[in-house]
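Visitor: Sharing a sequence plus its predicted fold:
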Number of protein chains: 2
Amino acid sequence: MEKLNDLIKGIRDIDRDMLDAAREHTAQLVMPPRALGRLHEIAEQLCGIFSHLKPDVSKKAFFVMAGDHGVADEGVSAFPQQVTGEMVKSFMRGGAGINILARQLPAAVTVVDMGIIPQIEESGNLLVRKIRPGTDNIAKGPAMTRTEAKKAILAGFEVGSAAIANGVQLLGAGDMGIANTTPSSAIGMVILGRTVEQMTGRGTGISDEAYASKRGVIEKAIKVNAPDPRDGLDVLAKVGGFEIAGIAGLVLAAAYHRRPVVIDGLISTAGALIAYNMNPFVAGYVFAGHTSVEQGHKHMLAYMRLQPIIDLELRLGEGTGGALAMHIIEGAARVCNEVLTFDEAGVSKRVAG
Amino acid sequence: MEKLNDLIKGIRDIDRDMLDAAREHTAQLVMPPRALGRLHEIAEQLCGIFSHLKPDVSKKAFFVMAGDHGVADEGVSAFPQQVTGEMVKSFMRGGAGINILARQLPAAVTVVDMGIIPQIEESGNLLVRKIRPGTDNIAKGPAMTRTEAKKAILAGFEVGSAAIANGVQLLGAGDMGIANTTPSSAIGMVILGRTVEQMTGRGTGISDEAYASKRGVIEKAIKVNAPDPRDGLDVLAKVGGFEIAGIAGLVLAAAYHRRPVVIDGLISTAGALIAYNMNPFVAGYVFAGHTSVEQGHKHMLAYMRLQPIIDLELRLGEGTGGALAMHIIEGAARVCNEVLTFDEAGVSKRVAG
C-alpha cells in the first residue's frame, strides 16, 4: 500500500499561475474576446497542466482496459460474456469503433487485458496485465481483494507512466467488459450517495424486466458488500472491476506526471471517480470527452465538476467519445499556439464596448 | 433570372432508399444497436446525399466569404469596418482561427472577396468575386439590387461547383464581414417571422446601449425595405449582404451537385436560410456544425430542422464551428465504412432483449 499512497500524495494541482498567463494570451488573439468559448477554457487548462503557454498534445494514445465480471451471471447484460474476449480480438484487428476513431486522429490504441476470462497472448497492441480471469460476482461478495485492487491500479499506473515516458502527451481511457455498467453504476451510487434509479441505465440495451433486475442486483451488491464511500480502494475492491481499476491507475498516472487524460462514458468515468476519490486534484488533469446516454454519467461528471465536450447520444464506451473529443482538445491547443495576435496580424482592435 | 431558377428547380431530395439501406448496415456493426447515436444518423445522411453506402468525405474545403456592410455606419459592431479587409489578409496568411482549425483536419481554406471595401489582388487562396465594395446601409434602403443579389448567389454557386468538380467531397461555409450579424438577424426575423429580441445577439460583443441601438437598426431596416418573406432573393437583396449571398450560392451548389456542406454560425446559417427558402430540399445536404451563442442561431436551425453537432459556446464565425464538426462528420463516415460487422468480427450477438 505504501507505493500507491505515495503516488496519490504526489499529485498536485495544475499550475494556476500559468492558467492566468494563458488567459492573458487568449485576450490577444485576433478575434473578439473569448470568441471561441470553451475552446479557450480547454486550451488554458492544457497550459495549466503542462505549465507551458504552448501546450503540445500531438502525440496521443488510447488504452482500452478490458476485464470480465462475475456479475454477468446475474443476467445484467444483453450480450453473452464471451463478447469481452471477442471484442478484445476485434480491437487487436483494428476493426472496432475506437480503432477507427483513433486512427482518424491519429492516436495509437493499446488494449490492456486487466482480467478477461480467455487467455490471449501478449502481442503488438495487447498488453497482458491480467489480475485474474474475471472478478467475482458482486451480488454475492466482493469483486476482488483489496490487494488485487491495489495491484490492478498500479498496473494501470505503470501502463500510463510508460506511455508518458515514451512521449505520449494526451492519454485516452477506454473500456471493454460485458456487464461493466453494473459495477460502474454501483461505484457511482456509493461515492455520490445517489439512488440506484439515478445512477443506473440500460447499458447495451436491456428490456424493462432486465433493467429492473439490474437495479436489484446493484442494490444487493452494495448491501452485501457495504463499501466505505470515503475509501476509493474499498469501493473498487468490493463493487468494481479490473478494467475500472486499470483506468483509475491510468488517470492517476496522468495527474501524477502532469499530463491530460480524456475519459469517455460511464465506465471510464467510474475509474476516474475512484482516482478522484483518492485525490481530488486529479480532476484538473481530466477532460470529459462526452456525456453518455447512460443516466448516471452526468451525475458523476457533475460531482467532479467536469463539463463534457460533446453530446452526441453515444453509449458505446471503448473510448469512442473521448476520441471524438480529442480532436477538439487538440484544436484548442492549436488555436492557443498558432492563431496570430492582433499585433502580429496588424488588425485593428475594438472601438466600442 | 432563368439560370438561377433552373438551378433551384434542379435540386432534389437526398436518396431516401439509400438512407434505409444505410440503417440496415448500421445494425450489423459490431456494437450494441445504434450505440454511436448521432454518429450513425450523420453517416446515414451522408449515404443518402452521396447515394452510396461508403460515403467518402476525405477531401474537404472551406470557403470564407467576405463582404462589407453599409450598415456598419450605424455603429452596430464593436470593431471598425477596416477589420474586414485586415482579417481577409490574416486568412490569406493562414493565421486566423479558421486557418488553424482547417489545417488540423486538414481542409483547404479559400477566401472569396464577395464585396469588401479594399481592393486586394486575387492570389493563391483568395478569389475576387467582388460585386461591389460593400452593400448600402440597410437602415436607409436596400443592401443591393435584385440583379446584384442574383449575381452574388451565382458567384457563390460557381465557386462551390468548381470545388466539387475538382473533387471536394465536403464543403464548409465561413464568413467575414464587420457588422454582418445585423443583416443575418434581419434575414432570420423576416423569414422566420420572429421578434427582433429573439433573433438579435451582441455579435462581437457590444454594450447594452449599442445592443439596443442594433435592435432598432434591424427593425428600421425591415420597416424601410419591407422584404417579402416568401421571396428569398428579395429578402437577401433588401436586408442581406454580399458574403451571405455567396454562402447561399455555395449551399445551393452543394445541394445541386449532391454533396454535403457544413454551415457554421449565425451568418452562414442566414445564407443557408436564403437557399432553404428557395428550395427546402437544400436542408438534406446541410450539416449544422454547431449552435452559436448568438441567440437567433438556434431558431434558424430549428426552422430548417437542423440539429447542431457541437455546442462549445463559440461565436467567432469564419467557419470555425463547422471545422470542428467536420472531424465528427468524417468520423461518422469512417465508422460506417470501416467498423467490422458482427459476422466479419466473429463476435456473438445479443442474447437478451
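Guide: Received the coordinates, thanks.

Visitor: check contacts around the residue nearest the centre of chain A.
Guide: With distances taken as C-alpha atoms, centre = their mean, residue A:263 lies nearest the centre of chain A, 2.8 Å away. The contact partners of residue A:263, by C-beta atoms under 8 Å, 6 or more residues apart in numbering or on different chains, come to A:173, A:247, A:251, A:269, A:271-272, A:286-289, A:322. Just so you know, the C-beta spots here come from the backbone N, C-alpha and C atoms, and that holds for glycine as well.

Visitor: Most neighbours among these, which one is it?
Guide: Highest neighbour count within these, by other C-beta atoms under 10 Å in any protein chain shown: residue A:247, with 38 neighbours.

Visitor: And residue A:97, how far from chain B?
Guide: According to C-beta to the nearest C-beta, to the nearest Å, residue A:97 and chain B sit 6 Å apart.

Visitor: Touching, that residue and residue B:335? I think so.
Guide: Yes - Residue A:97 is within contact range of residue B:335, at 6.2 Å (criterion: C-beta atoms under 8 Å).

Visitor: you'd agree residue A:328 is up against residue A:46?
Guide: No - here residue A:328 does not reach residue A:46: they are 11.7 Å apart, not a contact under C-beta under 8 Å.

Visitor: Comparing the two, which shows the higher neighbour count?
Guide: Looking at residue A:328 and residue A:46 with other C-beta under 10 Å, you find the greater number of neighbours at residue A:46, namely 30 against 25.

Visitor: which SS class is the more buried one?
Guide: Under DSSP: H, G, I helix; E, B strand; the rest coil, residue A:46 falls in the helix class.

Visitor: Tell me the secondary structure at the closest residue to it other than its chain neighbours.
Guide: Nearest non-adjacent residue to residue A:46, counting by C-beta to C-beta, 6 or more residues apart in numbering or on different chains: residue A:55, 3.8 Å away. Put simply, residue A:55 is coil when judged by three-state DSSP.

Visitor: Kindly report the residues of the stretch 151-300 of chain A close to chain B.
Guide: Counting by C-beta under 8 Å from any C-beta of the partner chain, the residues of the stretch 151-300 of chain A close to chain B are A:203-207, A:210, A:293.

Visitor: Next, give phi and psi for the closest residue to chain B within the stretch 51-200 of chain A.
Guide: Of all residues in the stretch 51-200 of chain A, residue A:95 sits closest to chain B, at 3.7 Å by C-beta to the nearest C-beta. Residue A:95 has phi and psi values of phi -110, psi 10 when expressed as degrees, to the nearest 10.

Visitor: Return the residues in contact with the nearest residue to it once chain neighbours are set aside.
Guide: The shortest distance from residue A:95 to any non-neighbouring residue, by C-beta to C-beta, 6+ apart, is to residue B:340 (3.7 Å). Contact analysis of residue B:340 by C-beta under 8 Å, 6+ apart lists A:90, A:93, A:95-96, B:29-30.

Visitor: which one of these is nearest residue B:3?
Guide: Of all these, the one with the least separation from residue B:3 (C-beta to C-beta) is residue B:29, at 43.6 Å.

Visitor: For residue A:103, see how far away the closest residue to that closest one other than its chain neighbours is.
Guide: Taking C-beta to C-beta, 6+ apart, and ignoring the residues beside it in sequence, residue B:29 has residue B:339 as its nearest neighbour in space, at 4.7 Å. Residue B:339 sits 11 Å away from residue A:103, going by C-beta to C-beta, to the nearest Å.

Visitor: Compare those two (neighbour count), which wins?
Guide: Neighbours per residue (other C-beta under 10 Å) separate residue B:339 from residue A:103, with residue B:339 holding more: 24 against 16.

Visitor: May I have the residues that are in contact with that one?
Guide: A:95-97, A:100, B:29-31 are the contacts of residue B:339 under C-beta under 8 Å, 6+ apart.

Visitor: at 7 Å instead, please
Guide: Residues near residue B:339 by C-beta atoms under 7 Å, 6 or more residues apart in numbering or on different chains: A:95-97, A:100, B:29-30.

Visitor: Residue A:159 now?
Guide: For residue A:159, the contacting residues are A:63, A:112, A:127, A:129, A:250, by C-beta under 7 Å, 6+ apart.

Visitor: rerun at 6 Å
Guide: Counting by C-beta atoms under 6 Å, 6 or more residues apart in numbering or on different chains, residue A:159 makes contact with residue A:112.

Visitor: do the same with residue A:185
Guide: The neighbours of residue A:185, taking C-beta under 6 Å, 6+ apart as the test, are A:199-200, A:218, A:296.

Visitor: Sketch out the helices for the stretch 151-300 of chain A, chain order is fine.
Guide: Using DSSP state H, counting those that start in this stretch, the helices of the stretch 151-300 of chain A run over A:181-192, A:196-199, A:208-225, A:232-239, A:242-256, A:266-278, A:295-303.
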